[in-house]
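>>> Here is the input, now give the coordinates:
(one chain, ligands or ions: 2)
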Amino acid sequence: MSIETAPMTSGAPARRWDELIEPDRVHGSLYADEAIFREELEKIWFRGWVYVGHVSEVPEINDYVTKSIGPMPVLMVRDRTGAINLLLNRCPHRGNQVCAIERGNRASFTCPYHSWTFSNDGRLMGYAYPDGYEGVDKSALGLGRVARTGIYKGFVFGSMAADGPSLEEHLGGAREAIDILVSNSPEGEVEITAGFLKHKAKANWKFILENEVDGYHPAFVHTSIFQVAESGIGNLYGPDSTAVTRDFGNGHTEVDLRPEFRRIGQPLGWFGTNEKRLPDYVARMNAAYGNDRAREIMIAGTPHTMIFPNLFIAEIQLFVLQPMAVDETIQHVTALQFKGAPDLNRRMRQQTMGSVGPAGLLLADDTEMYERNQRGLAARNPEWLYLKRGRHRERHDEQGYLIGHSTDEVPSRGIWRHYRSLMEA
Ligand code: FES
Ligand code: FE
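Numbering: from 1, shown residues only. Ligands and ions are numbered 1, 2, ... in the order given. Alright, predicted model coming up:
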């Protein structure tokens with residue numbers, strides 16, 4: 001089998017996914033074959049639940065932001081009833097993108113091409129020179145919609161399929177990551193208000209998905225930022241770390257650093273600081289949760305969890321993955337902001353700029369690896385990628401999830417198991 005397999009034609013037999021995905025190795029064509037990419041769009045991105053945005057991005061009536069589901073442009077709008085609508089950003093007349101401005105507040109959208117106008121719940125309100133149309137059913141000419149919208153603790157997901165598992169079923173155990181995340185706010189909410197940076201990588205989206213929860217690489221790829229920042233993060237991923245990798249099922253995975261943070265036992269140690277440096281935040285957390293619970297939360301910190309297929313909760317940031325082509329992915333990155341925590345939020349923005357900003361030291365290193373991964377695939381041998389690390393020491397935790405050492409490839413194997421089940425369906 002070669003890396004570049006021929007595109008599937010309509011008469012071809014269905015692809016044998018078991019021939020490409022084995023328990024501890026995957027075939028290189030999965031990252032490079034355009035036909036596989038198109039099939040992923042249909043079976044994963046345009047069928048399952050995909051993260052779109054956060055309610056705090058559209059706080060007021062008539063607020064909107066441009067978003068995406070994979071390469072598909074979407075408008076996330078709060079209509080005049082306060083409901084969140086996920087509309088497809090495509091004019092029913094001739095396909096023009098109705099709205100090109102990334103955010104704003106408007107009750108209607110007017111297509112720039114021939115001036116058809118839509119209300120922000122998607123209905124066609126009118127068109128220019130109406131005497132050119134006769135007997136037209138306007139109600140059939142509204143903007144397309146994402147079939148289902150689901151919201152969990154402010155996180156808005158969309159599914160292009162009218163039927164299928166509920167959002168709660170899809171999230172499963174990964175809901176706990178969102179629960180833990182929001183508990184770091186004294187008001188129990190995150191706010192996505194810091195603005196997004198977009199980083200393009202000439203690499204397949206799954207290299208990025210897997211790397212977000214790859215605890216094997218940080219000690220090598222990120223040596224420079226750990227040294228410059230005099231950070232202890234590198235040790236979390238060392239051979240002696242008590243941190244674990246976890247597979248929640250449904251493709252959701254994490255590197256759980258909490259065992260290490262609890263061993264160290266320092267409130268705000270996860271953030272590289274201590275209680276004296278953020279007295280306002282500590283006081284608000286104590287008032288909200290009581291001193292004991294607040295101390296537990298501040299010791300354990302925020303999650304490092306990848307919610308399949310595109311939402312990465314990265315301790316102090318959110319990353320949203322957007323596949324554009326088989327070998328091109330955009331990562332949308334923003335600093336997490338916790339409601340009621342202005343002093344912590346200021347530092348989260350600063351750290352985000354230092355790590356994943358335009359001159360940031362962290363994401364640039366990862367992106368270099370993604371692009372080298374993709375370029376390496378052009379070499380045709382060996383054809384397979386090896387994912388066996390830690391297979392012999394996998395075990396189940398108290399909740400029944402598969403876990404391993406922080407450097408083990410438990411997450412990658414979990415992602416591929418789920419991926420195969422979706423592609424075979
Ligand atoms: Fe939108 Fe013509 S394409 S009005
Ligand atoms: Fe990295």
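>>> Show me what from this structure comes close to ligand 1.
With C-beta under 6 Å from any ligand atom as the criterion, the chain comes near ligand 1 at residues 91, 93-94, 96, 111, 113-114, 116. To be clear about C-beta, it is placed using only N, CA and C from the backbone, and glycine gets the same treatment.
>>> could you redo the last one with a cut-off of 8 Å?
With C-beta under 8 Å from any ligand atom as the criterion, the chain comes near ligand 1 at residues 91-96, 98, 111-116, 127-128.
>>> Check the gap between W270 and ligand 1 for me.
49 Å (C-beta to the nearest ligand atom, to the nearest Å).
>>> So which bits of stretch 157-168 are buried?
By neighbour count on 16 or more other C-beta atoms under 10 Å, the buried set for stretch 157-168 is 157-160, 167.
>>> circling back: can you select the buried ones from the residues of the chain next to ligand 1 in ChimeraX?
Buried subset of the residues of the chain next to ligand 1, written as a ChimeraX selection, criterion 16+ other C-beta under 10 Å:
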select :91,92,98,111,116,127
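>>> which one among the residues of the chain next to ligand 1 gets closest to R80?
Ranked by distance to R80 (C-beta to C-beta), the residues of the chain next to ligand 1 are led by V98 at 18.1 Å.
>>> quick one: contacts for the closest one?
Shown in contact with V98 (C-beta atoms under 8 Å, 6 or more residues apart in numbering): 75, 89-91, 109-111, 118, 143.
>>> how about those, which pair is most distant?
Among the contacts of V98, R90 and T110 lie farthest apart (C-beta to C-beta), at 14.3 Å.
>>> Mean pLDDT per helix and strand in the protein: which one sits at the bottom?
For the chain, the helix or strand with the lowest mean confidence is helix 233-236, at a mean of 79 (criterion: mean pLDDT, DSSP states H and E).
>>> send the alpha carbons of that one over as CSV?
These are the backbone C-alpha positions of helix 233-236, laid out as CSV (Å, rounded to 0.1, in the frame of the first residue of the first chain):
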residue,chain,number,x,y,z
ILE,A,233,6.4,22.7,33.4
GLY,A,234,9.0,20.5,31.8
ASN,A,235,9.2,18.4,34.9
LEU,A,236,5.4,17.6,34.6
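>>> elements contacting it?
Secondary-structure packing of helix 233-236 (3 or more C-beta pairs under 8 Å, 6 or more residues apart in numbering; DSSP states H and E): helix 218-221, helix 223-228.
>>> what sits up against the first one?
Which is helix 218-221. 226, 233-234, 236-238, 365-366, 369.
>>> what about the residue lying closest to L311 once chain neighbours are set aside, which SS state?
Closest residue in space to L311, ignoring its immediate chain neighbours: Y51 at 3.7 Å, by C-beta to C-beta, 6 or more residues apart in numbering. State at Y51, reduced to three classes by DSSP: H, G, I helix; E, B strand; the rest coil: strand.
>>> what lines up beside the next helix-or-strand element following the least confident helix or strand of the chain in the sheet?
Note on helix 233-236: by DSSP states H and E, the next helix or strand toward the C-terminus is strand 244-249. Here strand 244-249 has these sheet partners by DSSP bridges: strand 252-256 (antiparallel), strand 402-405 (antiparallel).
>>> most packed of these?
Mean neighbour count (mean count of other C-beta atoms under 10 Å) peaks for strand 252-256 among the strands paired with strand 244-249, with a mean of 27.
>>> Return the distance of that one from the chain's centre.
13 Å (C-alpha atoms, centre = their mean, to the nearest Å).
>>> Just the CA coordinates for the helix or strand following that strand, please, in CSV.
Later in the chain than strand 252-256, the nearest helix or strand by DSSP H and E is helix 258-264. Provided in CSV are the C-alpha atoms of helix 258-264 (Å, rounded to 0.1, in the frame of the first residue of the first chain):
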residue,chain,number,x,y,z
ARG,A,258,-3.4,17.4,38.8
PRO,A,259,-1.6,14.5,40.5
GLU,A,260,1.6,16.5,40.2
PHE,A,261,0.0,19.8,41.3
ARG,A,262,-1.5,18.0,44.3
ARG,A,263,1.8,16.4,45.2
ILE,A,264,3.4,19.9,45.1
